[in-house]
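Student: Generate a structure from the sequence data that follows.
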Amino acid sequence: ALEANVRYLANELGANNIRVNAISSGPIPTLAASAITGIDIMLEHSEKISPLKRNVTQLEVGNTAAFLASDLASGIAGQIIYVDAGYSIMGM
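Tutor: Numbers count the residues shown, from 1 in each chain. Next up is the predicted model:
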């Protein structure tokens, strides 16, 4: 559903020079995440399975958001950017 919504909004708003994209991050160890049951298991699994053999950081997700909001990404619209150390390519 997320992918369809991003594409729909990008198509509807593109004529107004409004770009719509989304970021899909892997699990991130944060204070808020510590309240999620099983977060430690998710973090361990993601670190073990992902090609980079680590979890992503808040800074990496923030840097991606800053890039997408900048003129450097002016030609990107309707995309979901995965910031997950490669976990999403593993077909899990």
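Student: Quick one: residues contacting residue 42.
Tutor: 27, 36 (Cβ atoms under 8 Å, 6 or more residues apart in numbering). Glycine gets a C-beta too; all of them are placed from N, C-alpha and C.
Student: any idea how far it lies from residue 72?
Tutor: Remark: distance between residue 42 and residue 72 (Cβ to Cβ, to the nearest Å) = 31 Å.
Student: Kindly report the same for residue 81.
Tutor: Applying Cβ to Cβ, the value for residue 81 to residue 72 is 13 Å.
Student: quick one, which of those two is more surrounded?
Tutor: residue 81 (17 against 10; other Cβ atoms under 10 Å).
Student: bridging residues for the residue nearest the centre of the chain?
Tutor: Ranked by distance to the mean C-alpha position of the chain (Cα atoms, centre = their mean), the top residue is residue 24 at 2.3 Å. When bridges are called by DSSP bridges, residue 24 pairs up with residue 82.
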